[in-house]
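*Asks:* I need the structure of the sequence given here:
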Amino acid sequence: MDPLSDIVTLLRPRAAIAKPICGRGQWGVRYKSYDAPGFTLVLTGEAWLTLGDREPLPISEGDFLLLPTTPAFSLCSQLGAPCVAAEPLAKAVRYGEQEGEPEFVALGGSFSIESVNAPLLLALLPDAIHIPALAGRGTRFGRVIELLSEECGTDYPGKELIIQRLMETLLVEALRWDLIGNNTASAGLLNGLRDPAMARVLRSIHEDVRKRWTVADLAGIAGMSRSGFAARFNEIFGCAPIEYLARWRIAIAKQALLSGARSLERIADEIGYESASAFSAAFSKRLGCSPGRFAKRHVASAAPGISAPS
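*Replies:* So this is what the prediction gives:
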């Protein structure tokens, strides 16, 4: 698979909450930060969104906002409206006046993701993607938005399942849109894929993670000098090329260990280690525990009523 598909596959995103959010009159709410991808799709009306200490952002009908990690934010009907503290809920919420037709309606919520690799993978994505209605109109992204908006307005059997699947598709389309749309503010993976030389390197790494890559090998693929390539790669990804390869190998190994379907020998071979002992040593050095202990701890923490050992 390509690098973006690889990352989304390891994250295993699933729309955990997708709920209507509406308001009428003057209102404002304030939420704390949380470590999960969040989204907002405006179906009707307009409001103001403030992420952390950024400038307030006007959002209106058809706008979509994706936050790979969700900072503290406020949402209000107009600038200057007082905001009250609110907690994320899995059910529909209405702000301001409780009677009358809502002036603002949005679909909002969050995605659940695979936690063991989340810090590494989310660090490769931009901190926010805002797709205005005009920018998405007439594109594949816009057509998914139309389908989602249409489904939200129906009461057909299977509605919740369709909304979940469309939201998951929308997440990938938003990342793709950010990449194709040449958003120079993006960092990490998307910015790297936008650079033709870095894109060739990333695809080569992801297509053959078993290979004993050297910086010279990768610099040759990029068509750059060894030093120039290393500096450029570090600038984009925040780490050296071989460190990126090592992190990616460990990410794949974590997922394989949690599935419990492959032996240490097979995992080691698939990600480029000479032996199970070499893989175990590298894994333990990075995570502070053996592959077997890692698997037992995380399987135990996922089991109902069982706590992970400290």
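
*Asks:* residue closest to the middle of the chain?
*Replies:* residue 68 (4.1 Å; CA atoms, centre = their mean).

*Asks:* what pLDDT does that residue get?
*Replies:* The model reports residue 68 with a pLDDT of 81.

*Asks:* Settle this for me: it is touching residue 119, isn't it.
*Replies:* No: if you go by CB atoms under 8 Å, residue 68 and residue 119 don't touch, sitting 11.5 Å apart. For the C-beta atoms, the positions are set from N, CA and C on the backbone; glycine is no exception.

*Asks:* any idea which helix is longest in this structure?
*Replies:* Taking DSSP state H as the criterion, the chain has its longest helix at helix 159-180.

*Asks:* Just the C-alphas of it, formatted as CSV.
*Replies:* What follows is helix 159-180 as a C-alpha-only set of coordinates in CSV (Å, rounded to 0.1, in the frame of the first residue of the first chain):
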residue,chain,number,x,y,z
LYS,A,159,-29.0,5.2,8.9
GLU,A,160,-26.4,5.1,11.7
LEU,A,161,-24.3,2.5,10.0
ILE,A,162,-24.3,4.4,6.7
ILE,A,163,-23.3,7.6,8.6
GLN,A,164,-20.4,5.9,10.3
ARG,A,165,-19.1,4.5,7.0
LEU,A,166,-19.4,7.8,5.2
MET,A,167,-17.6,9.6,8.1
GLU,A,168,-14.7,7.1,7.8
THR,A,169,-14.5,7.7,4.1
LEU,A,170,-14.7,11.4,4.7
LEU,A,171,-11.7,11.2,7.0
VAL,A,172,-9.5,9.6,4.3
GLU,A,173,-10.9,12.0,1.7
ALA,A,174,-10.0,15.0,3.9
LEU,A,175,-6.4,13.8,4.3
ARG,A,176,-6.2,13.2,0.5
TRP,A,177,-7.8,16.6,-0.2
ASP,A,178,-5.2,18.3,2.0
LEU,A,179,-2.4,16.5,0.1
ILE,A,180,-3.8,17.2,-3.4
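
*Asks:* In the stretch 51-200 of the chain, what residue spans correspond to strands?
*Replies:* With strands called from DSSP state E, counting those that start in this stretch, the stretch 51-200 of the chain shows them at 57-60, 64-67, 73-76, 84-85, 93-96, 104-112, 129-131.
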